[in-house]
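K.L.:
next one to model:
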Amino acid sequence: GIYLERGAKLACIALDKTGTITAGTPALTDVIPQGDRGRDEVLRLAASIEASSEHPVARALVSACKADLMPVTGFVALTGRGVSGVVAGTEYLVGNHRLVEATGVCSPAIEQQLQVLEQQGKTCLVLMSRDSVLAIFAVADRVRSTSPAAVTALQALGVHPVVLSGDNQRTTTAVAGQVGIDDARGELLPDDKLQAIAALQVKHGTVGMVGDGINDAPALARADVSFAMGAAGSDTALETAGVALMADDLRGLPAFLRISRAARQVLRQNIAVALATKFVFFALALAGFATLWAAVVADMGASLAVVANSLRLLRLPLTEESQGNIGVET
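P.N.:
Now for the predicted structure:
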């Protein structure tokens with residue numbers, strides 16, 4: 001019940017990008033070698049290192065590689081930035097724009113290439129050693145067909161949508177623009193998302209968070225009402241969230257809000273009916289007109305009235321796509 005009550009007060013909902021607004025099934029679109037190594041060689045090297053990662057972008061690289069993967073030792077996940085591993089005695093890193101800058105191998109030429117790809121709404125990964133960039137990869141993920149309609153419905157209900165993503169700012173802004181969201185914040189680590197939720201709570205009051213990955217768990221835990229993608233979401237996200245969108249359809253969000261607001265209205269009506277009945281009977285008792293049987297009838301009558309009023313929620317009109325899409329933790 002606590003999630004339904006809080007849901008009626010939601011003024012802002014933050015959404016993760018990959019796997020939430022988008023389908024979470026990115027595909028490799030560009031391979032741009034930077035040195036004398038060929039396309040197949042750099043793709044095989046990057047895919048070998050990314051093979052131990054569970055991130056959707058990493059899976060896109062591995063799926064695109066048709067050659068046998070090379071053995072990798074010393075694999076390390078660099079939270080919010082990428083991964084590293086040792087191949088044939090040499091350490092390589094595969095990561096995002098932030099990792100390139102942190103490693104100190106970003107040059108004006110690399111920056112320009114990344115900017116062009118990111119402005120197209122693509123997510124970039126860079127294969128590098130400790131002293132040079134070997135290749136740039138671009139991955140594109142399609143926006144879920146239902147996401148724009150869901151965002152429009154949220155805005156119609158007076159809810160402010162925000163995108164919180166670990167991807168670069170340009171790509172985050174481009175994807176957010178495709179679904180009609182102006183407030184897009186990229187390059188966020190898990191702790192950054194947590195702090196963003198806290199800031200939104202100060203500004204808007206009650207805030208929701210929608211996510212699907214392990215990196216979203218801290219923000220999901222901090223939000224007043226947290227939503228997980230029920231099919232595509234990680235176990236950690238599902239365990240943390242209070243509400244699951246079972247069909248991975250964001251149109252379940254406005255449906256949940258309508259249910260929550262209707263439930264709050266019915267709850268207030270039931271409390272008013274119950275209290276009014278008690279006060280009326282108490283007044284009759286003081287006037288000497290109350291009997292034991294009248295008290296029984298009044299008590300049962302009030303109970304039946306509030307139950308019948310509550311059953312009206314079963315007739316609440318929802319879109320066909322939203323029926324069976326929402327699971328609320330109890």
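K.L.:
longest helix of this structure?
P.N.:
Longest helix in the chain, counting residues (DSSP state H): helix 252-286.
K.L.:
buried stuff in that one?
P.N.:
Neighbour counts over helix 252-286 (16 or more other Cβ atoms under 10 Å) mark 252-261, 263-264, 266-267, 270, 273, 277, 281 as buried. C-beta coordinates here come from the backbone N, C-alpha and C atoms, glycine included.
K.L.:
just checking, what packs against that helix?
P.N.:
Applying 3 or more Cβ pairs under 8 Å, 6 or more residues apart in numbering; DSSP states H and E, one finds that helix 252-286 contacts helix 2-7, helix 147-156, strand 225-229, strand 243-245, helix 292-311, strand 326-328.
K.L.:
helices along the protein, start to end?
P.N.:
Under DSSP H, the chain gives helices at 2-7, 39-50, 56-64, 97-103, 108-119, 147-156, 169-179, 190-204, 217-222, 235-240, 252-286, 292-311.
K.L.:
and of the ones you listed, who's closest to V139?
P.N.:
Closest of the helices of the chain to V139 is helix 56-64, at 4.8 Å (criterion: Cβ to Cβ).
K.L.:
ok and that closest one relative to helix 39-50, angle-wise?
P.N.:
Going by axes from the mean of the first three to the mean of the last three Cα atoms, to 10 degrees, helix 56-64 is angled at 130 degrees with respect to helix 39-50.
K.L.:
run a quick neighbour tally on C12.
P.N.:
22 (other Cβ atoms under 10 Å).
K.L.:
against I197, how distant is the nearest residue to it once chain neighbours are set aside?
P.N.:
Among residues not flanking C12 along the chain, H204 sits closest, at 3.9 Å (Cβ to Cβ, 6 or more residues apart in numbering). Counting by Cβ to Cβ, to the nearest Å, the separation of H204 from I197 is 10 Å.
K.L.:
kindly report the same for F289.
P.N.:
Look at F289 and I197: by Cβ to Cβ, they are 57 Å apart.
K.L.:
also A283?
P.N.:
Plainly put, A283 is 49 Å away from I197 if you go by Cβ to Cβ.
K.L.:
go on, R37?
P.N.:
In terms of Cβ to Cβ, R37 sits 42 Å off from I197.
K.L.:
then Q113?
P.N.:
34 Å.
K.L.:
list the contacts for the most centrally placed residue in the chain?
P.N.:
The chain has G211 as the residue nearest its centroid, 2.3 Å off, counting by Cα atoms, centre = their mean. By Cβ atoms under 8 Å, 6 or more residues apart in numbering, the residues touching G211 are 15-16, 20, 217, 219-220, 226-229, 233, 237, 241.
K.L.:
just among those residues, which is most surrounded?
P.N.:
Using other Cβ under 10 Å as the neighbour test, the contacts of G211 are led by A228, with 32 neighbours.
K.L.:
okay but it is in contact with A217, surely?
P.N.:
No. Contact between A228 and A217 fails when scored by Cβ atoms under 8 Å: they sit 9.5 Å apart.
K.L.:
show me what contacts A102?
P.N.:
Applying Cβ under 8 Å, 6+ apart, the residues contacting A102 are R81.
K.L.:
mind pulling up the pLDDT for it?
P.N.:
With respect to pLDDT, A102 scores 88.
K.L.:
low-confidence stretches in the stretch 151-300 of the chain?
P.N.:
Low-confidence segments of the stretch 151-300 of the chain (pLDDT under 70): 232-233.
K.L.:
same thing but 80
P.N.:
230-234, 290-295, 297-298 (pLDDT under 80).
K.L.:
one step back: report the contact partners of the residue nearest to C12.
P.N.:
A11, C12, H160 are the contacts of H204 under Cβ under 8 Å, 6+ apart.
K.L.:
so the longest helix of the chain versus helix 147-156, what angle?
P.N.:
Interaxial angle of helix 252-286 relative to helix 147-156 (the same axes, to 10 degrees): 30 degrees.
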